[in-house]
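K.L.:
only the shape, not the letters, is given here:
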């Protein structure tokens, strides 16, 4: 990277990072909901409750479809419309560093959830499909540039950190998270060339791994 | 419809009438997708809203543009010479062209800057000149000069992009002047006055009405969008605080906030959006500020009256474009005329902008006229009066119908070595029939402007 494309304010860097995190959180949650939805239909009615209890939310539902609605726009901290309110705000603040089409897709994605929360849109598999397609478009539009700029790295950093965080919070296989730690370290070494890393392994407690990530982020973005 | 346009307009409507009307919905959706906003504060609340727009462009012939190009270049060159003279030698005052009292009382005059010349002696970098086309004389008339922080250029850029995607037929069949060079004009201007370092756009922040524009222009001109606390001044130099804490020198600042707020140590001490020490760096010649602080004096509606005389004085030329007929109650003879004809004049408060402080005599009651006369007598320098210009309506597409609305035109002139008039501009229209106020802050909408050969 030359000096010009390494320039970015801490505020924009932070907003891009959080944009990456929120988008990834919404995408990963939608994929989990999709898989659990199928299970609720005729395999394990309580699968949705179990999924949400891992992230500290007590979810009530009466059917697979009400599970989907409650999970997506229910009154709890994982409400996706709220997550996308934050993502939209991050995107507006950092929009001069985001590909125009990607920005447009984020606005559309947010609008979709606003309509869903207002009851103007049925929440079903079609809705899920549209939301996931828009998120894929955002990632695709972001990675379409010929060369990577520092702003892309902050966004991708947010995405990978959320992947690890989400995966560990759901109590899933740590090997998968460790693989993304390598990717995070690679990005951190680009953004902060003097950074040194302590290697992690799957035997370590999840909290140790998460604390290590958070330390890296605070070292990169100097508010 | 006027004869000069007829042939081009006929071609336009022929293409327009062949379009599927559903495309208009598609157009609106596309604009919404990119959140082309002009936010408002109403009753203390922040309202995020899309700027209303219209799908029918204003059509301007190449001959019309050429005339505007010559006239506006002449005007901006003059205003730059005036500002440089005013803040240094003040020859124009000594030669009795403008009474000093007029300058001294102008809200935008900053006597603290007397004696200072900015980078390349350039002060009028990015200028927005408001015009209307008189339906009686068929001539363009200048209503206002905006030499401080004129906004709006990003809106036609956005709508043009959408036009080209949704209605390519117009661009295939009509010879429409391209407009994409505007951000490059901006960059050229920033680079020209840059005192060493990167270019930045200084925004008051996310909740400013024109934040969309700030981020758009920063992105398109390759500048960095910053807020005040991301800039620091050390040793009379301005630095940008990078994400990793390293300082990066700033050479030019396209500030999108008024003079009063740019530096709390120099101007308004209560400003929370300024950069402490910025003016010290500027006065040391270490950073360029666009547009130059102190330009507000030339924006003053009272000073506007003298621009034709300035053109004759500095350039020895006759003005190519006319002002609206204007009267200054400061001069006794003009005051008498204003008082006798108030019911048909437009009275403007010189300190106001954005369509505020504009009073139409024909809409005022006798009591209101009497009150206004008293206010004028008490402080004649505060007001100007203008003849009401019956300017052309523009066709607009509203609720499935073609209707006519009052519309003005903001031309953008960007100056580096020479002024350049953009081959587009912001056509603003009144959303309500019969309304003469077209400003965005008054609820007005915008449309694209096509210069067609």
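P.N.:
That came through fine. On a predicted model such as this, the values are computed, not experimentally measured, just so you know.

K.L.:
ok, now which ones touch residue 23?
P.N.:
Unless you meant another one, I'm taking chain A. A:87, A:106, A:135, A:138, A:139, A:158, A:159 (C-beta atoms under 8 Å, 6 or more residues apart in numbering or on different chains). Where C-beta positions appear, they are placed from N, C-alpha and C, glycine not excepted.

K.L.:
you answered for a different chain; I wanted chain B.
P.N.:
B:166, B:167 are the contacts of residue B:23 under C-beta under 8 Å, 6+ apart.

K.L.:
follow-up on the earlier one: of the contacts of residue A:23, closest to residue B:338?
P.N.:
residue A:106 (53.6 Å; C-beta to C-beta).

K.L.:
and of the contacts of residue A:23, the nearest to chain B?
P.N.:
Nearest to chain B among the contacts of residue A:23, counting by C-beta to the nearest C-beta, is residue A:106 at 9.4 Å.

K.L.:
excluding chain neighbours, what is closest to that closest one?
P.N.:
Excluding its sequence neighbours, the residue lying closest to residue A:106 (C-beta to C-beta, 6 or more residues apart in numbering or on different chains) is residue A:91, at 4.6 Å.

K.L.:
what number of residues are in the vicinity of the one you found?
P.N.:
By other C-beta atoms under 10 Å in any protein chain shown, the residues close to residue A:91 number 28.

K.L.:
helix, strand, or coil at it?
P.N.:
helix (DSSP: H, G, I helix; E, B strand; the rest coil).

K.L.:
for it, give its distance to residue A:118.
P.N.:
21 Å (C-beta to C-beta, to the nearest Å).

K.L.:
one step back: pick the one among the contacts of residue A:23 closest to residue B:16.
P.N.:
residue A:106 (32.5 Å).

K.L.:
immediately after the helix or strand hosting the closest one, which helix or strand?
P.N.:
Residue A:106 is part of helix A:100-117 when elements are defined by DSSP states H and E. Later in the chain than helix A:100-117, the nearest helix or strand by DSSP H and E is helix A:125-142.

K.L.:
so the residue nearest to residue A:106 sits against residue A:105, correct?
P.N.:
No. In this structure, residue A:91 is not within contact of residue A:105 by C-beta atoms under 8 Å, at 9.7 Å.

K.L.:
would you turn the contacts of residue A:23 into JSON lines with pLDDT?
P.N.:
Shown next, in JSON lines, are the contacts of residue A:23 (pLDDT from 0 to 100):
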{"residue": "A:87", "pLDDT": "97"}
{"residue": "A:106", "pLDDT": "94"}
{"residue": "A:135", "pLDDT": "96"}
{"residue": "A:138", "pLDDT": "93"}
{"residue": "A:139", "pLDDT": "92"}
{"residue": "A:158", "pLDDT": "94"}
{"residue": "A:159", "pLDDT": "94"}
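
K.L.:
going through those, which ones are buried?
P.N.:
A:87, A:106, A:135, A:138, A:139, A:158, A:159 (16 or more other C-beta atoms under 10 Å in any protein chain shown).

K.L.:
so in chain A, which helix runs the longest?
P.N.:
Across chain A, the longest stretch assigned as helix under DSSP state H is helix A:10-42.

K.L.:
so which of the buried ones among the contacts of residue A:23 is the closest to residue B:216?
P.N.:
Using C-beta to C-beta, the buried ones among the contacts of residue A:23 come closest to residue B:216 at residue A:106, 15.5 Å.

K.L.:
list the contacts of that closest one.
P.N.:
Residues near residue A:106 by C-beta under 8 Å, 6+ apart: A:19, A:23, A:87, A:88, A:91, A:98, A:138.

K.L.:
kindly recompute the last result at 10 Å.
P.N.:
When contacts are counted by C-beta atoms under 10 Å, 6 or more residues apart in numbering or on different chains, residue A:106 touches A:19, A:22-23, A:84, A:87-88, A:90-92, A:95, A:98, A:134-135, A:137-138, A:141, B:33, B:35.

K.L.:
spatially central residue in the chain, please.
P.N.:
Looking at chain A here, since you left the chain open. Nearest residue to the geometric centre of chain A (C-alpha atoms, centre = their mean): residue A:24, 1.9 Å.

K.L.:
hmm, no, I was thinking of chain B.
P.N.:
Residue closest to the average C-alpha location in chain B (C-alpha atoms, centre = their mean): residue B:128, at 3.0 Å.

K.L.:
who's residue B:45 bridged to?
P.N.:
Going by DSSP bridges, residue B:45 is paired in beta bridges with residue B:42.

K.L.:
from residue B:59, how far off is it?
P.N.:
On the measure of C-beta to C-beta, residue B:45 and residue B:59 end up 38 Å apart.

K.L.:
settle it for me: which of the two has more neighbours?
P.N.:
residue B:59 (21 against 7).

K.L.:
mind checking what helix or strand follows the helix or strand encompassing that one in sequence?
P.N.:
Using DSSP H and E, residue B:59 maps to strand B:53-61. Using DSSP H and E, the helix or strand that directly follows strand B:53-61 along the chain is helix B:62-86.

K.L.:
dump the residue contacts of the residue nearest to the centre of chain B.
P.N.:
B:144-153, B:299, B:410-413, B:425-426.

K.L.:
so which of those belong to helices?
P.N.:
Judged by DSSP H, the contacts of residue B:128 include residue B:299 as members of helices.

K.L.:
so residue B:248 touches residue B:224, yeah?
P.N.:
Yes. Here residue B:248 reaches residue B:224: they are 8.8 Å apart, a contact under C-beta atoms under 10 Å.

K.L.:
more neighbours: which of these two?
P.N.:
Comparing residue B:248 with residue B:224 by other C-beta under 10 Å, the one with more neighbours is residue B:224, at 23 against 17.

K.L.:
for the more buried one, which non-adjacent residue is closest in space?
P.N.:
Here the residue nearest residue B:224, using C-beta to C-beta, 6+ apart, is residue B:200, at 4.8 Å.

K.L.:
and the one you found, how far from residue B:7?
P.N.:
46 Å.

K.L.:
ok, now residue B:201?
P.N.:
Counting by C-beta to C-beta, the gap from residue B:201 to residue B:7 is 41 Å.

K.L.:
those two - which one has more neighbours?
P.N.:
Neighbours were counted for residue B:201 and for residue B:7 using other C-beta under 10 Å; residue B:201 has more, 25 against 11.
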